[in-house]
Structure formats: structure tokens, C-alpha cells
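Student: Here you go, sequence then predicted model.
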Amino acid sequence: MNSFYFSIYSGNSVQLSSEESKHCIKVLRLRKGDHVQLLNGKGSSFEAVIQIADAKSCILEIEKEVKFSNYRSYHLTIAIAPTKNMDRFEWFTEKATEIGIDRIVPIICRHSERKEIKTDRLEKILVSAMKQSGQKYLPELTSQMSFKELIAQPFDGVKLIAHCAFGEKTTLKNSITAGKKILLLIGPEGDFDPSEIKFALENGFIPVTMGDSRLRTETAGIVACQTVYLVNEI
């Protein structure tokens, strides 16, 4: 059954976005009376029937709701510096969604090569990845913020910073306890500035390593997602 994401509804009536409507009616050529699956990105799936087959504003009626109780036992936030090549950052958001992530925070650091991002396309990638992978929860994509703004925000879980500078570190795997909330910082290609690392450590962040290889920013993000997933699933 074809799946669509929605956020606008009234009672049992659901209105798809213009993009989802176009995909439903123009691309898949579904018509009034056809049944589809709807996802709200918050852990529920719905069986619905098309009432108005409009390629700009498709309207459906919900017939049945299925709630999923097997949500991940952990909560993962990755604050990551956007890459100079936007395709690489988009790849990270897609794959991280497929593996499992709760919140993505684009951070601007001293060595960042990209100082600004547009979230519209990234939001569409997240929705597509959620539907493709069968995930029932849509990750939160926050507005970009500075490194210091991120550090200043309260967080009631384990706070980690992955960097390549010399100094004592523990492995990411050994820094994680199953079932906990995790906030992990990943820097730009030029790594965090020493002053940023110092500031993070002074604010309760634990320095971690993901191995001897020097990973690209987006690769480090994927390795982190998979490591957290495996620690919690084994």
C-alpha cells in the first residue's frame, strides 16, 4: 500500500501537502476510492481512502488508526556542522533518518565552510526517508544555530563531543548507556577550533573518538547513528 505523510487534518479528514498530493495523483495516478497508508511522523499509521483526487490538495478520510508502541528505547540528537557540499549533508540526513535519529541540529562553527542552510529541501528528504525505510517517527530538524548557542541549551542526557584533536578520549561505544538520551556534537571538515572544544568540555561534554580513521563530517554522523543503534539493540 502506498504511504503518504500528512500534518494537516480536521477530525477524520486529512489534506495532503501540494507535494504529497502531486505524487499521489499525478505520479502514482491514484483516484477517488483508492486506499492508502498515512503517516503522521509521530508514531501512528492510518488506513485512509481518497475522497477528493486533487493534484494540488488531495483530501482523504481516515478509516482506521494503528499506533505503534515499539518506539526506540533511546533518544539521539546529533548537532552537526553542515558540509560545504550540500549533497553530502543531505545524504547524512537521509541515512540518519533510515537508521534512526530523533533530532538534527545544524551548527555553525568557527571552521565551518557553510554558514547558512535552507531547510525546505532537507525537510522533504526526511519525509521521503521516513516513508522509504518504514520509520514511524519523523526526526526534528531545527533551525541552524551557533556552536555557543547549542552549548548553552539545557540537555538532560549524556553530552558528547567527537573531535580529532589530541587528548584523552573514550570510544563512542563505551560512552553510551542503552536507553539514555544522547547529544553528540560533530564538527566541520576542519574540525572544531580548540577554543570550542575547551568550551564544550567546560560545559559538561565528554570527548569521544570513533576510531583511528579521520572521517568526513557526514560519515562520522552515520557511524554515530549506527553505533548508538547497535549499543541499544544488542
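Tutor: On my side now, so go ahead.
Student: From here on, just use CA atoms for contacts and neighbour counts.
Tutor: Fine.
Student: and the spatially most central residue of the chain, what is it in contact with?
Tutor: Centroid-nearest residue in the chain, with Cα atoms, centre = their mean: Pro139, separated by 4.0 Å. Neighbour list for Pro139: 97, 101-104, 126 [criterion: Cα atoms under 8 Å, 6 or more residues apart in numbering].
Student: which of these count as buried?
Tutor: 97, 101-104, 126 (16 or more other Cα atoms under 10 Å).
Student: Show me those residues that map onto strands.
Tutor: 103-104 (DSSP state E).
Student: need the buried ones among the contacts of Pro139 in JSON lines with pLDDT, can you?
Tutor: Listed next are the buried ones among the contacts of Pro139 as JSON lines, based on pLDDT from 0 to 100:
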{"residue": "Thr97", "pLDDT": "97"}
{"residue": "Ile101", "pLDDT": "96"}
{"residue": "Asp102", "pLDDT": "96"}
{"residue": "Arg103", "pLDDT": "97"}
{"residue": "Ile104", "pLDDT": "98"}
{"residue": "Leu126", "pLDDT": "97"}
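Student: Now render the buried ones among the contacts of Pro139 as JSON lines, adding distance to Ala162.
Tutor: Output for the buried ones among the contacts of Pro139, formatted as JSON lines (distance: Cα to Cα, whole Å):
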{"residue": "Thr97", "distance to Ala162": "20"}
{"residue": "Ile101", "distance to Ala162": "17"}
{"residue": "Asp102", "distance to Ala162": "19"}
{"residue": "Arg103", "distance to Ala162": "17"}
{"residue": "Ile104", "distance to Ala162": "16"}
{"residue": "Leu126", "distance to Ala162": "24"}
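Student: Kindly indicate which of the buried ones among the contacts of Pro139 lies nearest Glu63.
Tutor: Among the buried ones among the contacts of Pro139, Leu126 lies closest to Glu63 (Cα to Cα), at 26.0 Å.
Student: And for the closest one, nearest residue in space, chain neighbours not counted?
Tutor: Glu94 (5.9 Å; Cα to Cα, 6 or more residues apart in numbering).
Student: where does that neighbour land on pLDDT?
Tutor: Glu94 is assigned 98 on the pLDDT scale.
Student: ok, so what distance separates it from Ile222?
Tutor: Glu94 is 10 Å from Ile222, where distance means Cα to Cα, to the nearest Å.
Student: closest to Ser21 among the buried ones among the contacts of Pro139?
Tutor: Leu126 (17.2 Å).
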